[in-house]
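**Student:** Here is a sequence with its predicted model. Questions after.
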Amino acid sequence: MKGSDSLIEQNQNIDLLRFATAGSVDDGKSTLIGRLLYDSKSIFEDQLNLIKTFSKTHRNQEIDYSLVTDGLKSEREQGITIDVAYRFYSTPKRRFIIADTPGHEQYTRNMATGASNASLALILIDARNGVVTQTKRHSFISSLLGIRNFVVAVNKMDLVDYSEEVFENIVSEFNAFADKLSDESIYFIPISALKGDNVIERSDNMPWYKGSTLLDYLENVNVTGGRNLTDFRFPVQYVNWGGGDDFRGYCGTIASGVIRKGDEVRVLPSGKTSKVSRIVTYDGDLDHAFAPMAVTLCLEDDIDISRGDIIAMADDLPVITGSLEANIVWMDSDPMDIGKDYLIKHTTATVKGSFSEVLHEFDPEDISMKPSEFLSMNEIGKVKVELKSPIFADAYSENRITGSFIVIDPHTNQTAAAGMITKYKQVSPDKACKAVKARVIRYAGDKKEEAKSNYDRLSMQGTHCIYVDDDLLKETVCKGIPVDSEQYSDTIEGLCEIVTRSGVSVVVCSDHLRS
C-alpha cells in the first residue's frame, strides 16, 4: 500500500499538459488519440476487449482506435465525433488531459468548448486533402482562445506513399495561413495514426523526416502563455461558515496569479481591504497558492463577501467596465439578436447585457474582416457589448479567466456564445446609474456599518448613490426638527424622493423612515 501511495504522489508531481485536437472531419483525430492511448497502454483491459469486439462485429477490423474516445452510440454508429471526449493518460515524463473535439462544422461550438482550457492545439490534416476551410476555422478559434502552441500532424501519410513532397506542400500552405494569426509556435510532424508511424515510435517509412515523434514532442514541449502568474484574481464561488468556531472562508479557484499568507488584498465591489490569514485546502493549510488551484481563503477582517465578488491584490485590480468589445464565437442555432437582453456569465457573476453592434465578421478562409449585421451559428466576429451591471474584468490577452465570458439566452437557457474581451471602457457613476434603477435602500439605525459597507459596494460597482444616516440628517436638512416627529420622517422621505427622481440611489440608515 505504501508503494502504491508513493506512485500516486510521484505521478501527481509530474507536469500536466492540457491539449485539444482540432481539424476537419475524417482527418483522424479520434484514431490518433486512440492510438496514443493504446500504444502507451493507457486503456483498461475490459474497455479494450469491448472495443475489439465492436470493431470485429461492426467495422470488420482487429481494432478501430477511434472507438476509444467516440463513446456516444451515435458516434459509434456514424463513425464521427459529435461531443468533446476528455481522456487522461500519463507517461513517466508528463501527465496529459486530452480534449478530442469534433471536426464537423455543425459542432464547431463543441470544438471551442474543448479548446477553451487547452495550452496546446493538436491540428490534424489529412495528407490527401491538405489544408481545408475547417482546418483554418479550428486553427483560428484556437488562436482566438489564446493557444500559442500548435503541433500540426499531417495524417494518413501511408495513403500518399509517405511522400515528402506532399508533406512539405502542406507545411507551406499552413504556414501561409498561420502568418495571419497571432504569434504561434508551430511544429509539423508527418504521421499515420492507423499504422502508428511517428506517433510513439519513429517511422522507417519516412527516413527523410528528422524531427520528433508526436509523443516525444508532447512530452518535452515547453508550453508558454495562457497562465498569468502576475495578477492575482480570485472569483468567490462559495462562502464557507464551517470548519470550527468563528471560521469563515471564501472558496473558489484561483483564476490567475499567486497568493501568500499575509498578502494585502482588496475585495470587489466593496473595495474593502484586509490581509490573508489562512490558505486552506483539503490537504491542510498552505503558505502560498497559485492558479489554477482550488482553495479557501480566510481574511483577518470580517468583510461582507458573497458569490460573484472578486478578491485581488490591493494594488493590482481589474477594471470596472460596463461597455466592452469582444471576439465572439456564436454557438446558438438562433442568430444573434441585436438589442436583445442576454445573460452574461463572467467568472462567478452573471449580469444582463446586450449586443449593440457587430463591428465585423471574420472569414475563416483567410481571416479577412467583412461587414455583418449579426452572427449566426458557428460564425466568428468582433462585437460591442453593453452591460446592465458592471463587471470586474481584464483583457483576454492578459487573463483568460477574467477576460472571457459566456452568453446565455434567458428564454431557452442555452449557451449562445463564448466571448473574449479585447477592449473595455471603464464605467463612470453617471453611466452606471442608467443601468440600475434609482432606489431607496433602507437600514435600521443600529445597522450603520452594514449600510456603509453596502454603500461602498454600490459605489465600487459604478452605481450613482449617496449615503445618509440620522447623524448627518440632524446636522443638515433635519436640523432643529424633533427626531420622533412626523416632520422628521416627512423630511427624510422628501429628500429620498428628490434624489431618486434625479437618477441617484439613496442608502439611508435611520429608524424614522416609513416602511
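**Tutor:** Nice, I can see it. Numbers count the residues shown, from 1 in each chain.

**Student:** quick one: the helices in the stretch 151-300 of the chain?
**Tutor:** Ranges of helices within the stretch 151-300 of the chain are 164-178, 214-220, based on DSSP state H, counting those that start in this stretch.

**Student:** Now do the strands in the stretch 201-350 of the chain.
**Tutor:** Taking DSSP state E, counting those that start in this stretch to define them, one finds strands in the stretch 201-350 of the chain at 233-235, 238-240, 249-253, 258-260, 264-268, 273-281, 284-286, 288-290, 294-299, 310-313, 319-330, 342-346, 349-363.

**Student:** Which of the ones you listed comes out lowest on mean pLDDT?
**Tutor:** Lowest mean pLDDT of those: strand 238-240, a mean of 87.

**Student:** Just the buried residues of that strand, please?
**Tutor:** residue 239 (16 or more other CB atoms under 10 Å). (C-beta placed from N, C-alpha, C; glycine too.)

**Student:** before we move on, back to that, for residue 395, which of the helices of the stretch 151-300 of the chain is the nearest?
**Tutor:** helix 164-178 (22.7 Å; CB to CB).

**Student:** Tell me which residues are up against that closest one.
**Tutor:** Residues outside helix 164-178 that contact it (CB atoms under 8 Å, 6 or more residues apart in numbering) are 123, 125, 127, 130-131, 135-136, 139, 150, 152, 154, 157, 160, 184, 186, 188, 190, 206, 208-209, 366-367.

**Student:** Which of those residues fall within strands?
**Tutor:** Within those, residues falling in strands by DSSP state E are 123, 125, 150, 152, 154, 186, 188, 190.

**Student:** dump the residue contacts of the closest residue to the first one other than its chain neighbours.
**Tutor:** In space, not counting the residues next to it along the chain, residue 123 is nearest to residue 152; the distance is 4.7 Å by CB to CB, 6 or more residues apart in numbering. Counting by CB under 8 Å, 6+ apart, residue 152 makes contact with 123, 125, 171, 174, 186, 187, 188, 189.

**Student:** Residue 19 too?
**Tutor:** Per CB under 8 Å, 6+ apart, neighbours of residue 19: 96, 97, 98, 99, 118, 119, 120, 121, 122, 218.

**Student:** Could you rerun that using 7 Å?
**Tutor:** Residue 19 makes contact with 96, 98, 118, 119, 120, 121, 122, according to CB atoms under 7 Å, 6 or more residues apart in numbering.

**Student:** so which strand or helix has the residue nearest the centre of the chain?
**Tutor:** Centroid check for the chain by CA atoms, centre = their mean gives residue 401 as the closest residue, at 4.7 Å. Under DSSP states H and E, no helix or strand contains residue 401.

**Student:** Verify the stated contact: it with residue 346.
**Tutor:** No: taking CB atoms under 7 Å as the definition, residue 401 is not a contact partner of residue 346, at 9.4 Å.

**Student:** So what's the residue count around the residue lying closest to residue 223 once chain neighbours are set aside?
**Tutor:** Nearest residue to residue 223 in three dimensions, chain neighbours excluded: residue 119, at 4.5 Å (CB to CB, 6+ apart). Counted with other CB atoms under 10 Å, residues neighbouring residue 119 total 20.

**Student:** quick revisit: among the strands of the stretch 201-350 of the chain, which is the most enclosed?
**Tutor:** With neighbours defined as mean count of other CB atoms under 10 Å, the strands of the stretch 201-350 of the chain peak in mean count at strand 233-235, which reaches a mean of 26.

**Student:** Please render the contacts of residue 152 as JSON lines that adds neighbour count and distance to residue 383 to the earlier fields.
**Tutor:** As requested, those are arranged in JSON lines below (neighbours: other CB atoms under 10 Å; distance: CB to CB, whole Å):
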{"residue": "123", "neighbour count": "26", "distance to residue 383": "27"}
{"residue": "125", "neighbour count": "26", "distance to residue 383": "31"}
{"residue": "171", "neighbour count": "17", "distance to residue 383": "34"}
{"residue": "174", "neighbour count": "22", "distance to residue 383": "28"}
{"residue": "186", "neighbour count": "17", "distance to residue 383": "29"}
{"residue": "187", "neighbour count": "15", "distance to residue 383": "33"}
{"residue": "188", "neighbour count": "19", "distance to residue 383": "34"}
{"residue": "189", "neighbour count": "23", "distance to residue 383": "37"}
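
**Student:** For the residues you listed, work out which two are farthest apart.
**Tutor:** Top of the distance list for the contacts of residue 152 (CB to CB): 125 and 187, 13.2 Å.

**Student:** how close does the closest residue to residue 325 other than its chain neighbours get to residue 145?
**Tutor:** Nearest residue to residue 325, sequence neighbours excluded (CB to CB, 6+ apart): residue 423, at 4.2 Å. From residue 423 over to residue 145 the distance is 17 Å, taken as CB to CB, to the nearest Å.

**Student:** cool, and residue 466?
**Tutor:** In terms of CB to CB, residue 466 sits 43 Å off from residue 145.

**Student:** which of those two has more neighbours?
**Tutor:** residue 145 (22 against 15).

**Student:** do you know how far that one is from residue 418?
**Tutor:** 8 Å.

**Student:** intersection of neighbour lists for those two?
**Tutor:** With CB under 7 Å, 6+ apart as the test, residue 145 and residue 418 both reach residue 116.

**Student:** So residue 17 lies in a strand, does it not?
**Tutor:** Yes: judged by DSSP: H, G, I helix; E, B strand; the rest coil, residue 17 forms part of a strand.

**Student:** on that earlier part again, mark which of the contacts of residue 19 are buried, thanks.
**Tutor:** Buried among the contacts of residue 19 by 16+ other CB under 10 Å: 96, 98, 118, 119, 120, 121, 122.

**Student:** Same list, the residues you listed, but as a markdown table with pLDDT please.
**Tutor:** Below are the buried ones among the contacts of residue 19 laid out as a markdown table (pLDDT from 0 to 100):
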| residue | pLDDT |
| --- | --- |
| 96 | 88 |
| 98 | 86 |
| 118 | 86 |
| 119 | 89 |
| 120 | 91 |
| 121 | 90 |
| 122 | 92 |
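
**Student:** Format those as JSON lines; extra columns: secondary structure and distance to residue 496.
**Tutor:** Shown next, in JSON lines, are these (DSSP: H, G, I helix; E, B strand; the rest coil; distance: CB to CB, whole Å):
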{"residue": "96", "secondary structure": "strand", "distance to residue 496": "60"}
{"residue": "98", "secondary structure": "strand", "distance to residue 496": "59"}
{"residue": "118", "secondary structure": "coil", "distance to residue 496": "53"}
{"residue": "119", "secondary structure": "coil", "distance to residue 496": "53"}
{"residue": "120", "secondary structure": "strand", "distance to residue 496": "57"}
{"residue": "121", "secondary structure": "strand", "distance to residue 496": "57"}
{"residue": "122", "secondary structure": "strand", "distance to residue 496": "61"}
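
**Student:** what's the most distant pair in those?
**Tutor:** 96 and 121 (13.8 Å).

**Student:** Switch the helices of the stretch 151-300 of the chain over to JSON lines; also include distance to residue 270 and mean pLDDT.
**Tutor:** JSON lines is the format used below for the helices of the stretch 151-300 of the chain (distance: least, CB to CB, whole Å; pLDDT from 0 to 100):
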{"stretch": "helix 164-178", "distance to residue 270": "45", "mean pLDDT": "95"}
{"stretch": "helix 214-220", "distance to residue 270": "45", "mean pLDDT": "93"}
